[in-house]
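**Q** output the structure for:
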Amino acid sequence: MYRRLTQSALMVLLLVAGVASAAGPGRAQRAKLVPTQDAYVAALRWSDFETAEGFIDPEYLRAHPLTEMQRERYRQLQVSSYRERGSSATADGSIERRIEMGVINRNTQAERTLTLTERWRWDPQAKRWWQAAGLPDLWQGQ
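**A** Numbers count the residues shown, from 1 in each chain. Sure, this is the predicted structure:
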């Protein structure tokens, strides 16, 4: 009976540890997430897409490098609003944020509101967060 109780207690501890690790990033990682996201958002709000590109996961950029034409398209836009609508931790420990962003085409002065998803990945080697979904697709539906 004592043996079975010990085994049960050990199983409960392992289960709790597994749930805690699957629940998302730890406190130290989360403490670094907020200022990183704030700096990224500040760059976007000022329509500074070159600075925002510095927050994009280098692995993503290697696989999807920005062309000069894409950079020029970003220069034609002005961000008018940026609102977080929710966030959640995924099974792999990354964070997904749902964003509502307003953009104005500088040439036509037409404003659109888009719903986007950011995905933030913790890099244990660099000890920092990367935005792993690339710069926002501000031309969706066009």
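**Q** output the below-cut-off pLDDT ranges for this protein.
**A** 1-24, 141-142 (pLDDT under 70).
**Q** now the strands for the chain?
**A** Here the chain has its strands, by DSSP state E, at 77-89, 95-105, 111-123, 128-131.
**Q** show me how far the first one is from its chain's centre.
**A** Between the mean C-alpha location of strand 77-89 and the chain-wide mean there is a distance of 11 Å, by CA atoms, centre = their mean, to the nearest Å.
**Q** could you do the third one as well?
**A** Centroid displacement of strand 111-123 relative to its chain, using CA atoms, centre = their mean, is 6 Å.
**Q** mind listing what residue 97 touches?
**A** Applying CB atoms under 8 Å, 6 or more residues apart in numbering to residue 97 gives the contacts 37, 84, 86-87, 117-118, 120. Yep, even glycine has a C-beta here, placed from its N, CA and C like the rest.
**Q** please indicate which of those are buried?
**A** The neighbour-count test (16 or more other CB atoms under 10 Å) applied to these identifies 37, 118, 120 as buried.
**Q** report the beta-bridge partners for the last one.
**A** When bridges are called by DSSP bridges, residue 120 pairs up with residue 95, residue 131.
**Q** what distance do you get for it to residue 34?
**A** Relative to residue 34, residue 120 is positioned 11 Å away (CB to CB, to the nearest Å).
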